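Student: next one to model:
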Amino acid sequence: MQVATGILLFAGTLSGFLQLYGIAAFLFVYVSSVGCLFPNITAMAMAPHGARAGSASALIGVLQFALAAASASLIGAANSGNALPVASLIGICAIAAALVYSILVRGAKHNALPAASA
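Tutor: Presented below is the predicted three-dimensional model:
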């Protein structure tokens, strides 16, 4: 849902179809899904590494802040006065998330060895 919302936000903003209320609605759905997904994904990623959970949490936090700072800098540098830079970055991140998921998660499922029968 988050990927689809990001892509639709980008496409609607680029085409000029979405105006203020449409952009606000898509941003609400996108940010709401981020708030639901990030804590759960972080917990799932750290679950197998209980002894190193503190270090893993710190690393995830630093990466989130660094990516947020880089994203905000890119959007600020665009300085276009409309929602296109924000929508573009959200769309690019949505597509990147889908690609990373398909490469890492689905690729790991394909490469998993079948259980040996004894």
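
Student: what comes into contact with whatever helix or strand residue 100 lives in?
Tutor: Assigned by DSSP states H and E, residue 100 falls within helix 84-101. Residues outside helix 84-101 that contact it (Cβ atoms under 8 Å, 6 or more residues apart in numbering): 2-7, 9-14, 23, 30, 71, 74-75, 78. C-beta coordinates here come from the backbone N, C-alpha and C atoms, glycine included.

Student: any of the residues you listed buried? List them.
Tutor: Buried members of these, scored by 16 or more other Cβ atoms under 10 Å, are 2-3, 5-7, 9-10, 12-13, 23, 30, 71.

Student: who are the contact partners of the closest residue to residue 53 other than its chain neighbours?
Tutor: Distances taken as Cβ to Cβ, 6 or more residues apart in numbering put residue 46 closest to residue 53, at 4.8 Å, once the chain neighbours are dropped. With contact taken as Cβ under 8 Å, 6+ apart, residue 46 is in contact with 53, 56-57, 60.

Student: got those as CSV, with distance to residue 89 and secondary structure columns?
Tutor: Shown next, in CSV, are the contacts of residue 46 (distance: Cβ to Cβ, whole Å; DSSP: H, G, I helix; E, B strand; the rest coil):
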residue, distance to residue 89, secondary structure
53, 30, helix
56, 26, helix
57, 25, helix
60, 20, helix
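
Student: and of those, the nearest to residue 37?
Tutor: Nearest to residue 37 out of the contacts of residue 46 is residue 60 (Cβ to Cβ; 13.2 Å).

Student: show me the contacts for the closest one.
Tutor: 42, 45-46.
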